[in-house]
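Asks: got a sequence here, can you build the structure:
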Amino acid sequence: MGKLFYIIKKAYGYRPGWIYLVLLSEFISFVTIFVNLYVPQYIFRYLFDEPSYQYAFRIIVIYGTVLLGLNLITNRIGFVIAEMEEAMCNSYSVELCEVKSSLLLMNLEDSKVMDLINELKEYDMHSFLGALHTFLHGIAQLATIVGVVAIMSRLNFLIVVLLTVILAANYLVAKKMEREGYKYMTDVQPCERKENYVLNIMGDFSFGKEVRVYGMIPFIHSKYLSVAGEMQRCYQNIFLSNLKAYLFENTTTVIQKLGVYFLLAVEVAKRGLNIGDFTLYFNAVNQFSESIHGLLKGYLSLSKMGLYIGDLQKLMSLPRMDPPNVKESVEMGEELCIEFVDVSFRYPGSDAYALQHINLKIIPGDRLAIVGTNGAGKTTLIKLMLRLYSPTEGKILLNGRDIRQFRYEEYAKIFSVVFQDYKLFAFSIRENICLSERCEERKMKDALDKSGLSEKIGRLPDKEGTLLFKAYDDSGVELSGGEAQKLGIARALYKDARVVILDEPTAALDPAAEYEIYQRFGTLVQGKTSIYISHRLASTRFADHILVLDHGVIVEQGKHIDLIRENGLYARMYQMQAEYYDTSLFHEQSERNEKTRIEIPKELYGE
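Replies: Predicted coordinates:
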C-alpha cells in the first residue's frame with residue numbers, strides 16, 4: 001500500500017482535482033450498473049408477466065433518458081480527465097529528466113542504474129495513472145459486489161460460493177504468473193540496452209567512419225544476432241508464462257458458466273421464477289462474475305505496477321548532486337581555496353581504488369598542472385572536485401567547508417571546464433558557447449577571439465547563428481576536430497568563472513594552434529585559479545605547481561625545474577616526449593622548399 005500511496009501523492013501533486021473526478025466517474029459507473037440490473041426486471045414484468053404496455057413504454061423512455069444523461073456526464077468527465085492526464089504525464093517526464101540530470105555522474109554510469117532507467121521507459125505516467133484508475137475502480141467494484149451478493153444470496157448462495165472459488169483460483173495462478181513475468185522482463189532489460197547500443201552504432205553518424213572504413217557491418221550484424229538470440233529466449237519465457245495463465249483462466253471460465261447456468265436452471269424448475277426475476281438474477285450473476293474478475297485483474301495489475309513503482313522509488317532515492325537540506329551559497333566576494341583532505345575514491349562495484357589518500361591544497365590564483373600516464377586518476381580527481389563523483393573516503397573543502405554543504409548550482413558557478421570528452425550540441429554556435437537563450441554578444445565574441453576561432457566563424461553564412469551538425473537541422477555544419485575543441489575552449493572562456501579547468505584542451509589541435517593556445521594561456525587565465533591536465537608535458541612550463549599522479553597516488557609535486565632535477569617519473573616522462581620530437585625531418589624539408597617550411601616551437605618539445 002505504501003507504493004500505491006506514493007503514486008497517489010505524486011498524482012495529487014501534479015493535478016489535485018484529478019482524483020476527485022475519477023472518483024465521481026466511478027460513482028456514476030456504480031449507479032449505472034444497478035440501473036441496468038433493476039430496470040430491465042420491471043420492463044419484462046410489464047411486457048410479459050403483468051402486461052401493461054403503457055407502463056413498459058414509460059419505463060423504457062425514462063431508462064433511456066437516464067442512461068443517456070449518465071453517459072453524457074461520464075464522457076464529459078472522461079474528456080477532462082484525459083486532458084489532465086496528458087498534463088500530468090508531461091510534468092512527470094520533466095521531473096524524471098530533472099532527477100536523472102541531478103544524479104551523481106557515477107550513478108548514471110552504473111549498469112544497474114542504466115537498467116533501472118531503461119525499465120522505467122516502458123512505464124510512463126500513463127501506466128502509473130492506469131494503476132490508480134484500477135485501484136479506484138476496484139473500490140467501486142467492491143461496493144458493486146456487496147450489492148450483487150445481497151441479490152444473489154436471496155436465490156442460491158451456492159452460486160456465490162462457486163464463483164468465488166473459481167475466481168480465487170484464477171487469482172492465485174495469475175499472481176504467480178505476474179511475478180514470473182516481472183522477473184523475465186527484468187532479465188530482458190540488459191539485453192535491450194545492448195540491442196539499443198548496437199542499433200545506435202548503425203545509425204549514429206559519429207560511428208560512421210569506423211563502420212565503413214573497417215568494414216564492420218558483418219561484425220555488428222553478428223553482435224546484433226547474438227543479443228537478439230538472448231532477447232528471444234527471455235521473451236519465450238514470458239510468452240509461455242502468459243500462455244499457461246490464459247489456458248487456466250479460459251478453462252475455469254467455461255466451468256464457471258456451465259455451473260451458473262445449471263444452478264439457475266435448477267432454481268427456475270424449483271421455484272418457477274418469472275421472466276423479470278430471472279432477468280434480475282441472471283444479470284446479477286454475470287455482474288458478480290464481471291466485478292470479481294475485474295477486481296482481481298485490477299489487483300494483479302496494481303501488484304505488478306507496484307514493482308515498477310518500486311523501481312521509480314529506487315531511482316528517486318539515489319544520491320543527488322544536492323543532498324537534502326543543502327542551503328549554503330558560495331560567497332562570490334571570497335577568494336577560493338580548494339583542499340583535498342585524505343581523499344580516496346573507488347568506482348561502484350570495484351575493489352580497486354582509482355585515487356588513494358590525496359592531500360592537496362589549491363590556493364587562489366594558483367596555476368596547477370596535473371600530469372601522469374593514462375589511468376593515473378587525473379580526470380577522476382577533477383570529477384571529484386566538480387562534485388560529479390563523491391569521495392569514498394576523506395573530504396574536499398572550499399574555504400574550509402565541505403563542498404557537499406553548498407547548493408550545487410551555486411558551487412558549479414565557480415568553475416569553467418573544457419573536458420577531454422567535451423560535447424557540442426546540434427544547436428547554433430552562439431547557443432553552444434552561451435548554453436542559454438540569453439547571450440552577451442560582446443562577451444561571446446571576445447571568447448571566440450581568445451580561442452582563435454573568430455576568423456573561421458566569420459566565414460560561415462550565418463556566423464554565430466550557424467547550426468552545428470544535421471541532427472537538429474539540415475543546414476547544420478561540421479567543424480574539424482581542432483575547431484570543435486576551440487569552440488569548447490570558447491565556451492569555458494565565456495562563462496568567465498574564477499576557476500578554469502582544462503582537461504587535455506589541445507589534444508585535437510595541430511602544433512601551431514597548440515602553441516598559439518599556450519602563448520595565450522597566461523592571458524586566458526589571468527587573475528584566475530587554473531588547473532591544467534595534459535599528457536604533453538611542455539604545457540607544464542606555464543604552471544606554478546605540478547602534480548604527478550601514478551596509479552591514483554601523488555608520487556611527485558613541485559615546480560618544473562625542481563622535478564627535472566629530482567630525475568623521477570616526471571623527468572623520465574618529459575625526456576621521452578622531448579626525444580619524440582625529431583626536428584631533423586623539418587630541417588630537411590626546409591632545405592628542399594623554404595616556402596613550406598614548418599617550425600615546431602621549442603616550448604613543445606622541451607629544447
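Asks: my read: Met385 touches Ile396, true?
Replies: Yes. With contact defined as CB atoms under 8 Å, Met385 and Ile396 form a contacting pair (6.4 Å). (Glycine included, C-beta is placed from N, CA and C.)
Asks: pull up the overlap in contacts between the two.
Replies: Ile338, Phe340 (CB atoms under 8 Å, 6 or more residues apart in numbering).
Asks: now for Tyr63: which residues touch it?
Replies: The contact partners of Tyr63, taken as CB under 8 Å, 6+ apart, are Val35, Val39, Ile43.
Asks: selection in ChimeraX covering whichever of those residues are buried, please.
Replies: Paste this into ChimeraX to select the buried members of those, with burial taken from 16 or more other CB atoms under 10 Å:
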select :39,43
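Asks: and which of the contacts of Tyr63 is nearest Phe427?
Replies: Val35 (58.5 Å; CB to CB).
Asks: so that closest one is in which element?
Replies: Here Val35 sits within helix 16-44, counting by DSSP states H and E.
Asks: relative to helix 16-44, how tilted is the next helix or strand after that helix?
Replies: Per DSSP H and E, the first helix or strand lying C-terminal to helix 16-44 is helix 53-102. Angle of helix 53-102 versus helix 16-44, following axes from the mean of the first three to the mean of the last three CA atoms, to 10 degrees, is 160 degrees.
Asks: any idea which helix or strand comes after helix 53-102?
Replies: Following helix 53-102 toward the C-terminus (DSSP H and E): helix 105-108.
Asks: which SS state does Tyr197 fall under?
Replies: helix (DSSP: H, G, I helix; E, B strand; the rest coil).
Asks: residues near it, how many?
Replies: 12 (other CB atoms under 10 Å).
Asks: thinking again about what came up before, which one of the contacts of Tyr63 sits closest to Glu335?
Replies: Val35 (77.9 Å).
Asks: who touches the closest one in this structure?
Replies: Val35 makes contact with Tyr63, Val66, Leu67, Leu70, according to CB under 8 Å, 6+ apart.
Asks: how about a cut-off of 7 Å?
Replies: Val66, Leu67 (CB atoms under 7 Å, 6 or more residues apart in numbering).
Asks: one more: Gly377?
Replies: Contacts of Gly377 by CB under 7 Å, 6+ apart are Ala354, Leu355, Leu549, Gly552.
Asks: how near is it to Leu549?
Replies: Distance of Gly377 to Leu549, computed by CB to CB, to the nearest Å: 5 Å.
Asks: name the single longest helix found in this structure.
Replies: When the chain is scanned for its longest helix (criterion: DSSP state H), the result is helix 217-271.
Asks: now it: average pLDDT?
Replies: Per-residue pLDDT over helix 217-271 has a mean of 74.
Asks: burial of Asp110, as a residue count?
Replies: 17.
Asks: identify the residues contacting the residue nearest to Ile255 when sequence neighbours are not counted.
Replies: Nearest residue to Ile255 in three dimensions, chain neighbours excluded: Ile166, at 6.4 Å (CB to CB, 6 or more residues apart in numbering). Ile166 sits next to Thr252, Ile255, Gln256 when contact means CB under 7 Å, 6+ apart.
Asks: now those residues: which count as buried?
Replies: Thr252, Gln256.
Asks: quick check, nearest of the contacts of Ile166 to Val31?
Replies: The closest of those, once distances to Val31 are taken by CB to CB, is Gln256, at 26.8 Å.
Asks: you'd agree that closest one is up against Val165?
Replies: No. The pair Gln256 and Val165 fails to qualify as a contact (CB atoms under 7 Å) at a distance of 9.4 Å.
Asks: make sure Ile33 is actually in contact with Glu290.
Replies: No. If you go by CB under 7 Å, Ile33 and Glu290 don't touch, sitting 9.3 Å apart.
Asks: who's more crowded, the two?
Replies: Ile33 (20 against 15).
Asks: how about the more buried one, what does it touch?
Replies: Here Ile33 is in contact with Thr144, Gln287 (CB under 7 Å, 6+ apart).
Asks: repeat the analysis, applying 6 Å as the threshold.
Replies: By CB atoms under 6 Å, 6 or more residues apart in numbering, the residues touching Ile33 are Thr144.
Asks: next one: Glu85
Replies: Leu129.
Asks: what are the phi and psi values for Ile396?
Replies: Main-chain torsions, Ile396, degrees, to the nearest 10: phi -120, psi 130.
Asks: what's the answer for Val418, then?
Replies: Dihedral angles for Val418 - degrees, to the nearest 10 - are phi -110, psi 100.
Asks: distance of Ser226 from Phe239?
Replies: Counting by CB to CB - Ser226 and Phe239 are separated by 21 Å.
Asks: quick one: pLDDT of Val80?
Replies: Confidence score, pLDDT, at Val80: 91.
Asks: quick check: it vs Pro16, distance?
Replies: Taken as CB to CB, the span from Val80 to Pro16 is 14 Å.
Asks: more neighbours: the two, which one.
Replies: The residue with more neighbours, out of Val80 and Pro16, is Val80; 13 against 10, by other CB under 10 Å.
Asks: grab the nearest non-local neighbour of the more buried one.
Replies: Leu21 (6.1 Å).
Asks: next: Val525.
Replies: Val500 (5.0 Å).
Asks: and the one you found, that's in a strand?
Replies: Yes. Val500: assigned to a strand according to three-state DSSP.
Asks: residues in contact with Glu447?
Replies: To be clear, residue 447 is Ala; Glu isn't right here. Ala490, Leu493, Tyr494.
Asks: between these, which sits nearest Val268?
Replies: For the contacts of Ala447, the nearest to Val268 is Tyr494 (86.9 Å; CB to CB).
Asks: the helix or strand containing the closest one - contacts with which helices or strands?
Replies: Assessed by DSSP H and E, Tyr494 sits inside helix 481-495. If you count contacts as 3 or more CB pairs under 6 Å, 6 or more residues apart in numbering; DSSP states H and E, helix 481-495 packs onto strand 415-418, helix 429-434, helix 441-451.
Asks: could you list the low-pLDDT ranges of the stretch 351-500 of the chain?
Replies: Along the stretch 351-500 of the chain, the parts satisfying pLDDT under 70 run over 470-474.
Asks: and Cys89, how far is that from Glu95?
Replies: 11 Å.
Asks: and the helices and strands packed on helix 481-495 as a markdown table, adding distance to Gly465?
Replies: Formatted as a markdown table, the helices and strands packed on helix 481-495 follow (distance: least, CB to CB, whole Å):
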| stretch | distance to Gly465 |
| --- | --- |
| strand 415-418 | 23 |
| helix 429-434 | 6 |
| helix 441-451 | 11 |
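Asks: the ones you listed: which one's closest to Gln232?
Replies: Once the helices and strands packed on helix 481-495 are compared by CB to CB, helix 429-434 is nearest, at 42.4 Å.
Asks: what sits against Ser91?
Replies: Counted by CB under 6 Å, 6+ apart, Ser91 has contacts Tyr14.
Asks: make that Ser416, sorry
Replies: Ala492, Lys495, Ala497, Val500.
Asks: out of the contacts of Ile166, who's nearest Met114?
Replies: Looking across these and measuring by CB to CB, the closest to Met114 is Thr252, at 41.0 Å.
Asks: how close does that closest one get to Val266?
Replies: Thr252 is 21 Å from Val266, by CB to CB.
Asks: identify all contacting residues around stretch 496-503.
Replies: 336, 382, 414-420, 525, 528-533.
Asks: just the CA trace of it, in CSV.
Replies: Presented in CSV, the C-alpha positions along stretch 496-503 are these (Å, rounded to 0.1, in the frame of the first residue of the first chain):
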residue,chain,number,x,y,z
ASP,A,496,34.3,33.5,-17.1
ALA,A,497,34.4,31.6,-13.8
ARG,A,498,37.0,32.0,-11.1
VAL,A,499,38.5,28.5,-11.5
VAL,A,500,39.4,27.3,-15.0
ILE,A,501,39.9,23.6,-15.6
LEU,A,502,41.4,22.5,-18.9
ASP,A,503,41.4,18.7,-19.4
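Asks: tell me the gap between that stretch and the middle of its chain.
Replies: 29 Å (CA atoms, centre = their mean, to the nearest Å).
Asks: now swap in stretch 7-14 and tell me
Replies: For stretch 7-14, the separation from the chain centroid amounts to 20 Å (computed by CA atoms, centre = their mean).
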